[in-house]
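>>> Quick one, fold the following:
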Amino acid sequence: MEISCHMMGLKATKQNVGKVDGDTNGYFDLARGNLLNNPGAFMQKMIDFKKDAIPETTVKRVNAILLSEDFTLEKVKSASQALVAIHKWVSAMMSYHELLKIVGPKREKVAEMNAKLAIVRASLAEKRKKLREVEEKIDSLERMYREKVELEATL
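Numbers count the residues shown, from 1 in each chain. Next up is the predicted model:
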């Protein structure tokens, strides 16, 4: 449950320690009071989790737990089938965070290039407008010229 508390930004206090046998850090008591007492709200917190803004301190703590020999998927399965889904969700969030480190700068570059493209397109639209005005002026002058030539030919 320690991993769930870290992901949700919860910190165990001295008040949580020792309330549950074997829970030396107080995370099970903390999770029981803040997450497990309302499974629907806990599920909603997981759904609404801001995966694009996971603090690096949380990532370091959670990855240390995920990589420990005591927190393998097999050991989690043997302890609680319900925790398997949480383990998978946390692993997915950590994978997403690592991928975001690669994709994030590329997204920023795309946004920057799109902003530059918008400026170029606006400039192009302005130049096309001026070109249409010049072409209309040329058409008008050509029409006037033809009218004058026709008028002089009739005289």
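>>> Now the residue nearest in space to the middle of the chain. Nearest residue, chain neighbours left out?
The residue lying closest to the centre of the chain (CA atoms, centre = their mean) is residue 52, at 4.2 Å. Nearest residue to residue 52, sequence neighbours excluded (CB to CB, 6 or more residues apart in numbering): residue 100, at 6.5 Å. Quick note: C-beta positions are derived from backbone N, CA and C, even for glycine.
>>> could you check the distance from the one you found over to residue 153?
Distance, residue 100 to residue 153, using CB to CB, to the nearest Å: 76 Å.
>>> Pick out whichever of the two has more residues nearby.
residue 100 (15 against 7; other CB atoms under 10 Å).
>>> next one: phi and psi at that one?
When quoted as degrees, to the nearest 10, the phi and psi of residue 100 stand at phi -60, psi -30.
>>> shift numbering so it begins at 809
Okay, residue one is now 809; in that scheme the one you just asked about reads as residue 908.
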